[in-house]
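# Model the following, please.
(one chain, ligands or ions: 2)
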Amino acid sequence: MQSAAALFREVGRPLSIEPITLAPPKPTEVLVRIAAVGLCRTDFHVMQGERRVAMRPMVLGHEAAGVVEATGSAVGGIAVGDHVVLTFIPGCGTCHWCRQGLHHLCAEGARITQGPQLDGTYRRQDRSGADVGAFCMIGGFAERTVVDQASVVVIDREIPLDLASLVACGVPAGVGAARHRARVQPGDSVLVVGCGGDGMNVVQGARLCGATTIIAADIVAAKLDWAREFGATHGVIAQGEKLTQAVLEITGGLGVRHAFVCIDPPTTLLPAFRATAKAGNVVVTALTPDTVKEIAVPPLELFVTQKAIMGAVYGFLSPRLQIPELLSLHRTGALKLRELITRTYRLEDINRGYADLQAGRNLRGVIVF
Ligand SMILES: [Zn+2]
Ligand SMILES: [Zn+2]
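Ligands and ions are numbered 1, 2, ... in the order given. Presented below is the predicted three-dimensional model:
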């Protein structure tokens, strides 16, 4: 089967729109027609060489929702016609973590930048016959994809698929960081540094948890306006020591109970750490380029202030639990999804979409097929 796809061929170059040949699904796999796929910053980090992948060409794209068109002979619980969200960490179901229901920690997650399918073989070829990888075992920047059932969550058919794509990455990453990693409590104070796709969802996650002080920090004023719509109570345009000072002023010198580092940890982690109250949490939700090997935090300061620095991937909860839960919260009006989509694009315009993201014009751009 032929499918148009956006291929990552060279670091620092635009994605290349080309036809690929897609092989039929193997026994545990499904063929999915992609309906919508979000332009997450992680794919851009790959395009810039800041998040290395093991091969090229590769179809990027990992925030996808679509409709099942065919299933392999051994697939269970997924049928043709089902509406699905694809998960960027497969839940293999058998590793130490998956057996405990912790699919976001699946041992196979270490392989999502490698390129092949979960079984180690390829389903995509370019015009020359060369194997094409699939980022996150998804390869969502394409009309169609073949993925293992471990990467599939079936959802309610009534949910528009453009909105469903958002709960594949950005929404669970942000909302879950507040709800499941930091476990924000009613009345808590929160700082969110970087109000892009992840950060905005931390803001609404903190609001859902009942935080009463939600400080949004960014260097783009428009994002602070957006953040207020999602629940921020304060906005700070500052970075470095000035950011720390501003947060300490707002919190009467104490600092916040929870700080979230949602952009560029090498420059924002220490100011966020210092804006956090004693015994508070600092949660890192953003990717740091492979080239950065360490971030300095004075150890004595860590010890005496008794703060916790923690990572959160995929909102620290199995996507199989979190995706249906988030869609239910949306249905009741508690979670904003439509408001996250700034612009939609056709696949051919994907590079313009990433230029808009880089220029700070998009909260979320989504490719709609
Ligand atoms: Zn993402
Ligand atoms: Zn697993």
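# Distance from the chain centre to stretch 196-216, please.
The chain centroid and the centroid of stretch 196-216 are separated by 15 Å, computed with C-alpha atoms, centre = their mean, to the nearest Å.
# Name the residues of that stretch that come out as buried.
196-209, 211, 213-216 (16 or more other C-beta atoms under 10 Å). In this view, the C-beta of every residue, glycine as well, is placed from N, C-alpha and C.
# Domain map for this structure?
Residue ranges for the domains of the chain, per automatic domain parsing: 2-168+336-368, 174-313.
# Looking at these, which is nearest to ligand 1?
Distances from ligand 1 to each of the domains of the chain were compared using C-beta to the ion; the minimum, 3.1 Å, belongs to domain 2-168+336-368.
# burial of the residue lying closest to residue 38 once chain neighbours are set aside, as a residue count?
With C-beta to C-beta, 6 or more residues apart in numbering as the criterion, residue 38 has its nearest non-adjacent residue at 3.4 Å, and that residue is residue 63. Residues within reach of residue 63, counting by other C-beta atoms under 10 Å, total 30.
# where does residue 63 land on pLDDT?
At residue 63, the predicted lDDT confidence score is 97.
# Where does the stretch 151-300 of the chain get nearest to ligand 2, which residue?
Closest to ligand 2 within the stretch 151-300 of the chain is residue 151: 11.5 Å, counting by C-beta to the ion.
# How about the contacts made by that residue?
If a contact means C-beta atoms under 8 Å, 6 or more residues apart in numbering, then residue 151 has 86, 87, 88, 90, 118, 136, 137, 138 as its contacts.
# now residue 93
By C-beta under 8 Å, 6+ apart, the neighbours of residue 93 are 99, 150.
# Point out the residues in the chain that sit beside ligand 2.
On the criterion C-beta under 5 Å from the ion, ligand 2 has as its neighbours in the chain the residues 92, 95, 98, 106.
# and with 6 Å instead?
Where the chain comes near ligand 2, counting by C-beta under 6 Å from the ion, the residues are 91, 92, 95, 97, 98, 106, 107, 108.
# surely the last one meets residue 150?
Yes. Taking contact to mean C-beta atoms under 8 Å, the distance of 7.4 Å between residue 108 and residue 150 places them in contact.
# about what we covered before: these two touch, right, the residue nearest to residue 38 and residue 171?
No. When contacts are counted by C-beta under 8 Å, residue 63 is not listed as touching residue 171 (9.3 Å).
# The one residue in the stretch 51-200 of the chain that gets nearest to ligand 1: neighbour count?
At 3.3 Å from ligand 1, residue 169 is the closest residue in the stretch 51-200 of the chain, using C-beta to the ion. Applying other C-beta under 10 Å, we find 31 other residues in the vicinity of residue 169.
# now it, nearest residue through space, not along the chain?
Distances taken as C-beta to C-beta, 6+ apart put residue 63 closest to residue 169, at 4.2 Å, once the chain neighbours are dropped.
# Now do the contacts for the one you found.
Taking C-beta under 8 Å, 6+ apart as the definition of contact, the neighbours of residue 63 are 37, 38, 39, 40, 88, 140, 165, 166, 168, 169, 170.
# Among those, which one has the most neighbours?
residue 37 (34 neighbours).
# and residue 291, what pLDDT?
Model confidence at residue 291, expressed as pLDDT, equals 88.
# Who are the contact partners of it?
If a contact means C-beta under 8 Å, 6+ apart, then residue 291 has residue 50 as its contacts.
# Secondary structure class of it, three-state.
Using DSSP: H, G, I helix; E, B strand; the rest coil as the criterion, the local structure at residue 291 reads coil.
# Overlap in contacts, residue 108 and residue 150.
Overlap of the contact sets of residue 108 and residue 150 (by C-beta under 8 Å, 6+ apart) consists of 90, 92, 118.
# Looking at those, spot the one nearest residue 225.
residue 90 (37.6 Å; C-beta to C-beta).
# Give me the distance from stretch 18-26 to the chain's centre.
What separates the centre of stretch 18-26 from the centre of its chain is 25 Å, taken as C-alpha atoms, centre = their mean.
# whoops, I mixed them up, stretch 163-180
Its chain's C-alpha centre and that of stretch 163-180 lie 7 Å apart, by C-alpha atoms, centre = their mean.
# Quote the end-to-end distance of that stretch.
According to C-alpha to C-alpha, to the nearest Å, stretch 163-180 extends 22 Å from its N-terminal end residue to its C-terminal end residue.
# What of stretch 171-187?
Comparing the first residue of stretch 171-187 with its last one, the separation is 22 Å (C-alpha to C-alpha).
# Could you do stretch 17-26 as well?
This stretch, stretch 17-26, spans 26 Å end to end (C-alpha to C-alpha).
# What's the separation between residue 155 and residue 39?
Residue 155 sits 21 Å away from residue 39, taking C-beta to C-beta, to the nearest Å as the criterion.
# quick one on the thing from earlier: if any of the shared contacts of residue 108 and residue 150 are buried, put those into a PyMOL selection.
The following PyMOL command selects only the buried members of the shared contacts of residue 108 and residue 150, with burial defined by 16+ other C-beta under 10 Å:
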select buried, resi 90+92+118
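# now the shared contacts of residue 108 and residue 150 in CSV, with pLDDT, secondary structure and distance to ligand 1?
Listed next are the shared contacts of residue 108 and residue 150 as CSV, based on pLDDT from 0 to 100; DSSP: H, G, I helix; E, B strand; the rest coil; distance: C-beta to the ion, whole Å:
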residue, pLDDT, secondary structure, distance to ligand 1
90, 94, coil, 15
92, 92, coil, 20
118, 95, coil, 19
